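In: Have a look; sequence and predicted model below, questions after that.
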Amino acid sequence: MIKLENLTKAFETPAGTVVAADRITMEVADGEICVLLGPSGCGKTTTLKMINRLIEPTSGKIFINGKDTDRYDPVELRRTIGYVIQQIGLFPNMTVEENICVVPKLLGWDLAKARTRASELLATINLDPALFLKRYPKELSGGQQQRVGVARALAADPPVLLMDEPFGAIDPINREVIQDEFLKMHHRLRKTVMFVSHDIDEAVKMADKVAIFRAGKLEQFDSPDNILAHPGNSFIADFVGSDRTLKRLRLVRVGDVLQASSLRVSGDEQVEQTVALMNEHGQEFMVIVDPEGRPRGYVDVDIVRDRSGAVGEHCAPLPATVRLDEDLRAAVSTMFMHDIRWLACVDRNGVFVGCVTQRGITRLLGETYRAPDAVPH
């Protein structure tokens, strides 16, 4: 857990006193990722660096797992906090293994234990230890170097990880991959992470909490969902963008808008009974399932209304399905790609569990968003 209480940093300049961080107060729970966002010069990096005392606060308090960081020697404090920067900062004359072992060796770890830890961490970030332990940074791609930088920060198993735009210099394709790998790793390790970014989409994807700064002040501290749904003022609304409704699609799972009562039918059911059931429930289509419950296709009421025989004889193919654990962005993208208004949803075993519709998605988002004139200024 990281707790900041009235954290302030003022710098003296020839033009006078500049307050880079002004009474910042927030609390990040154990295992959460908090992303600090805001325009350049807003105080987010200053706040991050005060946590490990690379910058000393002018006033205020910082607590890590309930302990006042003022009671630590700054050098010892930094050895207990993982730190990752955009420039990575790997030592070029050291192998990957030696880079990862730097902090454990400073803490007095046995060399064999440190090497074992380096090997374990490389496997965690999907770099084969047999291939990468003895390589030098210049032999790695930018994305691989970034992953090694994360591994080095985690080497001594710190409770807290600080990251200053760690993925900012990576191309978009590798950035998505590394973000996904980091989230999988975080799910296993559950470190408390403070993460500076300039990218609202990255924050929506990565964060449990988002802190948005302006001119040294913390403007809003909340979950990504609440910030997108309920921006605290016009600055926040402008910062997250006019497409904030679309951004929220990443945060909502298909299961949240599932129509679990969606009708289903086996292929040997007769058309007359199927049409009667669709009419009774006001449903325009019905998914056909196999004996194991997996979707085979569907029937449209207008197409089969005047036909006869087994419904399976009139089965239309499903252009796509979507899993319950996927986000709504994936579902909507699939709908647009195939020009359809609904999707059959399946569980991890491919069993049909219901449908998701464009209307259902629109209704869910509409229920949680303020009208534009409700945003405070």
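Out: That came through, no problem.
In: Longest helix of this structure, counting residues only.
Out: In the chain, taking DSSP state H as the definition, the longest helix is helix 172-189.
In: who touches the helix or strand following that one?
Out: The element immediately downstream of helix 172-189 (helix or strand, assigned by DSSP states H and E) is strand 192-196. Contacts of strand 192-196 with the rest of the structure, by Cβ atoms under 8 Å, 6 or more residues apart in numbering, involve 1-2, 28-36, 44-45, 48, 51, 159-166, 186, 206-207. Bear in mind the C-beta positions are built from the backbone N, C-alpha and C, glycine included.
In: Can you list which of those residues are found in strands?
Out: Judged by DSSP state E, the contacts of strand 192-196 include 2, 28, 33-36, 160-164 as members of strands.
In: Including neighbour count, distance to T334 and pLDDT, could these go into JSON lines?
Out: Output for those, formatted as JSON lines (neighbours: other Cβ atoms under 10 Å; distance: Cβ to Cβ, whole Å; pLDDT from 0 to 100):
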{"residue": "I2", "neighbour count": "23", "distance to T334": "39", "pLDDT": "94"}
{"residue": "V28", "neighbour count": "20", "distance to T334": "35", "pLDDT": "96"}
{"residue": "I33", "neighbour count": "21", "distance to T334": "28", "pLDDT": "96"}
{"residue": "C34", "neighbour count": "21", "distance to T334": "32", "pLDDT": "97"}
{"residue": "V35", "neighbour count": "25", "distance to T334": "28", "pLDDT": "96"}
{"residue": "L36", "neighbour count": "29", "distance to T334": "33", "pLDDT": "96"}
{"residue": "V160", "neighbour count": "20", "distance to T334": "39", "pLDDT": "92"}
{"residue": "L161", "neighbour count": "22", "distance to T334": "35", "pLDDT": "91"}
{"residue": "L162", "neighbour count": "24", "distance to T334": "37", "pLDDT": "93"}
{"residue": "M163", "neighbour count": "25", "distance to T334": "32", "pLDDT": "90"}
{"residue": "D164", "neighbour count": "20", "distance to T334": "36", "pLDDT": "89"}
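In: closest to V265 among those?
Out: Nearest to V265 among the ones in strands among the contacts of strand 192-196 is I33, at 44.1 Å by Cβ to Cβ.
In: quick one: that closest one and L277, what's the gap?
Out: According to Cβ to Cβ, to the nearest Å, I33 stands 47 Å off from L277.
In: what's the answer for Q259, then?
Out: Taking Cβ to Cβ as the measure, Q259 falls 15 Å from L277.
In: And V84, which helix or strand is it part of?
Out: Under the criterion of DSSP H and E, V84 resides in strand 81-85.
In: pull the CA atoms of the helix or strand following that strand into PDB?
Out: Next helix or strand after strand 81-85 toward the C-terminus (DSSP H and E): helix 96-100. Taking Å, rounded to 0.1, in the frame of the first residue of the first chain, the C-alpha atoms of helix 96-100 are listed here in PDB:
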ATOM      1  CA  VAL A  96      21.200  -9.600 -18.800                       C
ATOM      2  CA  GLU A  97      21.900 -11.800 -15.800                       C
ATOM      3  CA  GLU A  98      24.300  -9.400 -14.300                       C
ATOM      4  CA  ASN A  99      21.900  -6.500 -14.800                       C
ATOM      5  CA  ILE A 100      19.100  -8.300 -13.100                       C
END
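In: how about the helix or strand just after helix 96-100: buried residues?
Out: Following helix 96-100 in sequence order, the next helix or strand is helix 102-106 (DSSP H and E). For helix 102-106, a neighbour-count test (16 or more other Cβ atoms under 10 Å) marks 102-104 as buried.
In: same check, this time on stretch 9-21
Out: 9, 19-21.
In: Just give the number of residues close to P129.
Out: 17 (other Cβ atoms under 10 Å).
In: ok, it to C315 distance?
Out: 50 Å.
In: re the thing from before, quick one: which of the buried residues of helix 102-106 is nearest P74?
Out: Using Cβ to Cβ, V103 is the member of the buried residues of helix 102-106 that sits closest to P74, with 14.9 Å.
In: Quick check: the closest one touching R78?
Out: No - here V103 does not reach R78: they are 9.0 Å apart, not a contact under Cβ atoms under 8 Å.
In: for the residue of the chain most remote from its centre, phi and psi?
Out: Here the chain reaches farthest from its C-alpha mean at S308, the gap being 49.8 Å by Cα atoms, centre = their mean. The phi and psi values for S308, taken as degrees, to the nearest 10, are phi -140, psi 180.
In: Compute the number of surrounding residues for the nearest residue to it once chain neighbours are set aside.
Out: Excluding its sequence neighbours, the residue lying closest to S308 (Cβ to Cβ, 6 or more residues apart in numbering) is V271, at 5.5 Å. Neighbour count of V271, defined by other Cβ under 10 Å: 20.
In: check contacts around V271.
Out: By Cβ under 8 Å, 6+ apart, the neighbours of V271 are 299, 304, 307-311, 314.
In: Beyond the strand or helix carrying A344, next helix or strand please.
Out: A344 is part of strand 342-346 when elements are defined by DSSP H and E. Counting by DSSP H and E, the next helix or strand C-terminal to strand 342-346 is strand 352-357.
In: neighbouring contacts of that next one?
Out: Under Cβ under 8 Å, 6+ apart, the answer for strand 352-357 is 254, 257-262, 264, 287, 289, 293-295, 322, 324, 328, 331, 341-347.
In: now the helix or strand following that strand against strand 352-357, angle please.
Out: Following the chain from strand 352-357 toward its C-terminal end, the next helix or strand by DSSP H and E is helix 358-368. Here the directions of helix 358-368 and strand 352-357 differ by 70 degrees (axes from the mean of the first three to the mean of the last three Cα atoms, to 10 degrees).
In: packing partners for helix 358-368?
Out: Judged by 3 or more Cβ pairs under 8 Å, 6 or more residues apart in numbering; DSSP states H and E, helix 358-368 is in contact with helix 328-338.
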